[in-house]
Structure formats: C-alpha cells, structure tokens
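Undergrad: Got a predicted model here, sequence first, then my questions.
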Amino acid sequence: MKTIMVVTATRAEYGLLKNVLRHIQESDDLELILIVTGTHLSEKYGLTVEEIEQDEIPIAAKISMEVEDAGKPGIVKSMAKLMGALADAIEEFKPDMLLILGDRYEMLACASAGTAMNIPIAHIAGGEVSYGANDEQIRHAITKMSHIHFPEADVYANNIKFMGEEKFRVNQVGALGIENIITTKLLSHKALNEQLGVAVDADTFLITYHPATLSKMLAYEMDELITALDGFNNTMIITYPNADNGGEYIIERWKEFQATHKNVFLFKSLGTQKYLSTMKYAGLIIGNSSSALIEAPIFKKPVVNIGKRQAGRLMATNILSCSNKKEDIAKAIQKALSPEFRNKVDRTVSLYGIGNTSEQIVSILEDLEINERLITKKLVF
C-alpha cells in the first residue's frame, strides 16, 4: 500500500483533481492523504473547502496560509507558512509520494517541502507554456523537482523531455478538465438558472480574468476591459480571480462594475458543477483563464482570450486572442458573436485528450516502484 499525499489550494485545482482523488480512494493499492490549504479556507474567496466536504472526500489536514501582509511580500510569507506546516504534515503522515497539479506558488511551496524531505513528487500539467505570468518559471521549477510527470498533451510531454527528464518519467495522459466535463452531472438549464438566480442563455458572457503576474499595468488592463464590456448589454456572469498579486484589486473593480450595471452578476466561486453548466449554456467565454482554452472547446463555445497570460499555450480554433486594448477586446467580442465565427466554432476539435486521465494517473501510481531508479534523477538530452 502506497500513501499518496495530495495538496489542493484553489477551487479550480480541486475541480480538476476531484476524479483523481476518488480513484485513489477506490484503489486497493493506494491510500489518500488530502491536504487542503490556500483560498479553500478563505471567506473572501468563497470558503470552497465546503465543496470538498460536500463531496465527502476525507481531509487529513487543513493548513491556513493567510498572513496580514498583502501583495508580493504576503505571497512569499504565505508560502513560507505553508512550507512549515507541510513539513509537520509530512512528518506526521509519512507519505510515500506527493502529488501536485499545476504551476501556482502554493504548489512551488509544496514541491520545495517535498524535495527537502526526500519525498518523491508526481506532477500533473507540466511542460506547458504561459509567457505572460510567472507561472512559467514556477511550472518548470516544479518539473525539475518532480520524479513522475503527467503532461496534458504530446507537445508538453516533449517539452519536459527537452528539459532533460528521462523518458520513463513522462506519461502523457490528457487533461483532467476534459474528463470533468464527461463525468460531471451538469445541471439542467432550469436548475442552473434557479441556483444562480440568473437567466443564462446564448446572450450570456461568462467572464474570468486573473492577474497576469508579469504585467505592471493591471489598472490600465482593468480600465480597458471594463470599458470594452460596458459597450455590451449582455448578461455577464463574472467569477473571482485567483489569489495572486493583484487579485484583490480586480475584485474591487468588478464590485464597482456590478454596482452600476444590472446585467452584471459577480460570484466568488461557482464550483465545478455550476461553472461547467454555465459554460455549457452561455454564449461566450471571456478572460484569460486556462479553462477557456481546455474546457470551452469541448462545449464548442467561442472564447475571447485577453492579453498575454496564456501566451504560448495550445489553442483550438474556437479561441480569439486579442490585446488588452479596449478597441481590440470589443472587436474580438463582436467577431466571436458573429454567425461566421460560430460556424467555425462548431467544427472545433479538442487538443487535450479523450477523458480518461484520472484512471491513467492512478494506474501509473499503483504500478510505480519507489526505488533508487525513481529517486535518483539524471539529466539526459
């Protein structure tokens, strides 16, 4: 029996990991140790730990990362706080392996703790490219600390190999977001409207905008985005950004926008089921979230991808990328709503697998031997 410690810090991350966690629970060869931290425990971001508890997935430990400082110093201090608490959790639970997803600073803290305590690391969604955020450096740093890789597409698997990782470590399994769509029981149109208190239809915009952490022009970006959106009377469902540097500023600007617009509805978190259901029934996805690149093609929804946050990622034919200028955003929205572009969107093909990702991950973890070959990393080209 191998014990697998999994750490989740955000709503989006948990939504992607949910099926993996369930398959680990059901395995006869694996034992789950779930650590919940980050914005899951924050009232400000919707206290999304409650979704985990409703899913009846047992939580081994909750680790608060909250500190008094805001901004970049606060992020560094919260990482230090997480690392210290993780050291205690690793000492207590003695996991055989640490499983983490993605490229956020919380996961860098986890990988650092695991490395320092000689715990082998399995990493989901490495090898990707996003030039507009410091996620780019964090993701590749985690790759070099990890022992097993689960990239989401062939090109990302090759990127990991080009970084000198041995071939036996790299397992292309597709994207968990695709599997979520297939396995999640989505709400009916009527049930979604009742739960949201909003009539979602083909004229609805679903908007998620995160800070592009390498940008120094967030105020300008939000000015331009809000000005562009102000030119449309469509119903707008907006979800909170990640808890990155600049996230609180974005939230305040959205609150101001909502206060003066009856067609704008702001949600801290929709949760996986309501978010995917909203994407299914909405007419257009706007922002700079990776979910627009991975999940929206399955629903064959047009996407307006704004700015440089996702620059470098694989993008299907349903995606229109534009600058942060209000004129470009408005033009992209108008084009995305056009009958000509919608016809193109109807022919969109997903670039991220077929939807059995969690089964593949758990099967590989079950068969994995934790031995000297795995632990001793070699640089190969």
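TA: Received it, and whenever you're ready, just let me know what you need. Residues are numbered from 1 along each chain as shown.
Undergrad: show me where the stretch 101-250 of the chain has strands.
TA: 121-124, 148-150, 205-208, 236-239 (DSSP state E, counting those that start in this stretch).
Undergrad: would TSV of these with distance to Gly71 be doable?
TA: For every residue, glycine as well, the C-beta is placed using N, CA and C. Output for the strands of the stretch 101-250 of the chain, formatted as TSV (distance: least, CB to CB, whole Å):
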stretch	distance to Gly71
strand 121-124	28
strand 148-150	32
strand 205-208	21
strand 236-239	22
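Undergrad: any chance of the ones you listed in CSV, with mean neighbour count and mean pLDDT too?
TA: Output for the strands of the stretch 101-250 of the chain, formatted as CSV (neighbours: other CB atoms under 10 Å; pLDDT from 0 to 100):
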stretch, mean neighbour count, mean pLDDT
strand 121-124, 24, 98
strand 148-150, 26, 98
strand 205-208, 24, 98
strand 236-239, 23, 98
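Undergrad: nearest to Asp346, of those?
TA: For Asp346, the closest of these is strand 205-208, at 18.4 Å, according to CB to CB.
Undergrad: what's the spacing between stretch 95-110 and its chain's center?
TA: 13 Å (CA atoms, centre = their mean, to the nearest Å).
Undergrad: That one - what's its average pLDDT?
TA: With pLDDT averaged residue by residue, stretch 95-110 scores 96.
Undergrad: Convert it to PDB, retaining C-alpha atoms only.
TA: C-alpha atoms of stretch 95-110 as PDB (Å, rounded to 0.1, in the frame of the first residue of the first chain):
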ATOM      1  CA  PRO A  95       3.600   9.800   2.600                       C
ATOM      2  CA  ASP A  96       5.300   7.600   0.000                       C
ATOM      3  CA  MET A  97       4.700  10.200  -2.700                       C
ATOM      4  CA  LEU A  98       3.500  13.800  -3.100                       C
ATOM      5  CA  LEU A  99       1.000  14.500  -5.900                       C
ATOM      6  CA  ILE A 100       0.600  18.100  -7.100                       C
ATOM      7  CA  LEU A 101      -1.100  19.900 -10.000                       C
ATOM      8  CA  GLY A 102      -0.200  23.000 -11.900                       C
ATOM      9  CA  ASP A 103       2.000  26.000 -11.600                       C
ATOM     10  CA  ARG A 104       0.900  28.200  -8.800                       C
ATOM     11  CA  TYR A 105       3.100  29.500  -6.000                       C
ATOM     12  CA  GLU A 106       1.300  27.200  -3.400                       C
ATOM     13  CA  MET A 107       2.500  24.200  -5.400                       C
ATOM     14  CA  LEU A 108       6.000  25.500  -5.600                       C
ATOM     15  CA  ALA A 109       6.000  25.600  -1.800                       C
ATOM     16  CA  CYS A 110       4.700  22.000  -1.700                       C
END
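Undergrad: Can you list the buried residues in that stretch?
TA: Within stretch 95-110, the residues scored as buried using 16 or more other CB atoms under 10 Å are 95-110.
Undergrad: quick one: which of those residues is nearest to Phe381?
TA: The closest of the buried residues of stretch 95-110, once distances to Phe381 are taken by CB to CB, is Asp103, at 23.4 Å.
Undergrad: now the strands for the stretch 251-381 of the chain?
TA: In the stretch 251-381 of the chain, the segments counted as strands under DSSP E, counting those that start in this stretch are 264-267, 284-287, 303-306, 319-322.
Undergrad: now the ones you listed in a markdown table, with mean neighbour count, mean pLDDT and distance to Gly355?
TA: As requested, those are exported to a markdown table (neighbours: other CB atoms under 10 Å; pLDDT from 0 to 100; distance: least, CB to CB, whole Å):
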| stretch | mean neighbour count | mean pLDDT | distance to Gly355 |
| --- | --- | --- | --- |
| strand 264-267 | 18 | 98 | 26 |
| strand 284-287 | 26 | 98 | 20 |
| strand 303-306 | 27 | 98 | 20 |
| strand 319-322 | 20 | 97 | 20 |
